[in-house]
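Q: kindly generate the corresponding structure for this input.
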Amino acid sequence: MLFFFLFLSPLQLIIPALVAITQVMHNFLAFVFLVIVAGCSMAVLYLLPWSMLPDTVDDFMLRNPSCLNLEALFYSFYVFFNKFAGGLAVGVSTLSLHFAGYHAGDCTYNHSVILALQLLMAPVPISLLLIAIIIFLLHPIDEERRKQMRMEMEAMG
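A: From the prediction side, this is the model:
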């Protein structure tokens, strides 16, 4: 689950890209659609981990009854990986722009800077999202396991 968050967190960079794309207000319906899609994707980014963590903690407690009160550890790992992935995304994008020849304050940019920005705004986040989805699909807690865990927790008292 932590790797899911690691690959999903850099998608926070999608919002500036969508804002930049939608600054051209020639098509208001496209603008509204992109804002709705961006809002939904950001909602999933921030709400999905908080809905998965309690099930993960419960599963760990049921599999390891001798380990008690480790909820804070799980939540700390989530926050750590979220911050780590965000920092890694900023560092990689900054280095990519540096090696492409980006200089702050320039009015015009060469083709390599434009290409680096285009890659950082679309293919890279989409690739990371696909990796996160694959990891999410491999997550061992499905609806059947969640119901089984609920019954085991109720039996424990």
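Q: low-confidence ranges, this protein, go.
A: Residue ranges of the chain with pLDDT under 70: 1-25, 157.
Q: need the helices for this protein, in chain order.
A: Secondary structure of the chain (DSSP state H): helices at 2-8, 14-21, 28-63, 71-100, 111-121, 123-137, 143-156.
Q: tally of neighbours for the nearest residue to residue 102 once chain neighbours are set aside?
A: Using C-beta to C-beta, 6 or more residues apart in numbering and skipping residues adjacent in sequence, the residue nearest residue 102 is residue 113, 4.8 Å away. C-beta coordinates here come from the backbone N, C-alpha and C atoms, glycine included. The tally of other residues near residue 113 (other C-beta atoms under 10 Å) stands at 18.
Q: wait, residue 113 sits on residue 99?
A: No - using C-beta atoms under 8 Å, residue 113 is not in contact with residue 99, being 10.0 Å away.
Q: returning to what we had before: the residue nearest to residue 102 and residue 44, how far apart?
A: 31 Å (C-beta to C-beta, to the nearest Å).
Q: same question for residue 32.
A: 19 Å.
Q: same check on residue 76?
A: Relative to residue 44, residue 76 is positioned 22 Å away (C-beta to C-beta).
Q: what is the neighbour count of residue 121?
A: Neighbour tally, residue 121, other C-beta under 10 Å: 18.
Q: next, work out how far apart it and residue 27 are.
A: 19 Å.
Q: can you check residue 91 too?
A: 35 Å.
Q: again with residue 56
A: Distance from residue 56 to residue 27, by C-beta to C-beta: 42 Å.
Q: settle it for me: which of those two has more neighbours?
A: residue 56 (17 against 11).
Q: thinking that one is in contact with residue 74, fair?
A: Yes - under the criterion of C-beta under 8 Å, residue 56 makes contact with residue 74 at 6.4 Å.
Q: just to revisit the earlier point, list the contacts of the residue nearest to residue 102.
A: 97, 100, 101, 102 (C-beta atoms under 8 Å, 6 or more residues apart in numbering).
Q: alright, that wraps it up for me.
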